[in-house]
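Engineer: Sharing a model that was predicted from the sequence below.
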Amino acid sequence: MIGIHPVHRRLAELALKAKQLGDFKHLSPLEKQELSHCLSVNLELIRKLDSLKSLAFIAYDCGDVSWHLDICAEIEAIETKLL
């Protein structure tokens, strides 16, 4: 199953509205603020997951099974919230 975080859904809604209006500059100031917030939340989510996945690879490569399992559990906890 592919999860859609509420931030991603709202980004899609704002993008659709901007497309219907012709450009993002036609969104209201509140919608532009919301868009900026959603982009920031998305950035941090992606950064966190990418960082953990890199660490998981390093732990696996080092043969540290316990560390690898801890990191994978943290990744799974984040990804579960996306469902």
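Structural biologist: Looks like it arrived, so ask away.
Engineer: Tell me how many other residues crowd Lys53.
Structural biologist: Lys53 has 13 neighbours, counted by other CB atoms under 10 Å. Where you see a C-beta, it was placed from the backbone N, CA and C, and this is true even at glycine.
Engineer: Without its sequence neighbours, what residue ends up closest to it?
Structural biologist: Take Lys53 and drop its neighbours on the chain: the residue closest to it by CB to CB, 6 or more residues apart in numbering is Ile75, 6.5 Å away.
Engineer: In contact with the one you found: list those residues for me.
Structural biologist: Leu49, Leu52, Lys53, Ala56 (CB atoms under 8 Å, 6 or more residues apart in numbering).
Engineer: Narrow these to those in helices?
Structural biologist: Leu49, Leu52, Lys53, Ala56 (DSSP state H).
Engineer: Could you measure from the first one over to Cys72?
Structural biologist: When distance is defined by CB to CB, to the nearest Å, Leu49 is 12 Å away from Cys72.
Engineer: hmm, back to that, got the contacts of Ile75 as CSV, with pLDDT columns?
Structural biologist: Shown next, in CSV, are these (pLDDT from 0 to 100):
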residue, pLDDT
Leu49, 93
Leu52, 97
Lys53, 96
Ala56, 97
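Engineer: of these, buried ones?
Structural biologist: Of the members of those, the ones counted as buried by neighbours, 16 or more other CB atoms under 10 Å, are Leu52, Ala56.
Engineer: Return the closest of the contacts of Ile75 with respect to Pro6.
Structural biologist: Leu49 (16.1 Å; CB to CB).
Engineer: mind checking which helix or strand the nearest residue to the closest one once chain neighbours are set aside is in?
Structural biologist: Take Leu49 and drop its neighbours on the chain: the residue closest to it by CB to CB, 6+ apart is Ile78, 6.2 Å away. Assessed by DSSP states H and E, Ile78 sits inside helix 65-80.
Engineer: average model confidence for that helix?
Structural biologist: In this model, helix 65-80 has an average pLDDT of 95.
Engineer: got the buried residues for it?
Structural biologist: His68, Ile71, Cys72, Ile75.
Engineer: Touching, the third one and Ala56? I think so.
Structural biologist: Yes. Taking CB atoms under 8 Å as the contact criterion, Cys72 and Ala56 are neighbours in contact, 5.7 Å apart.
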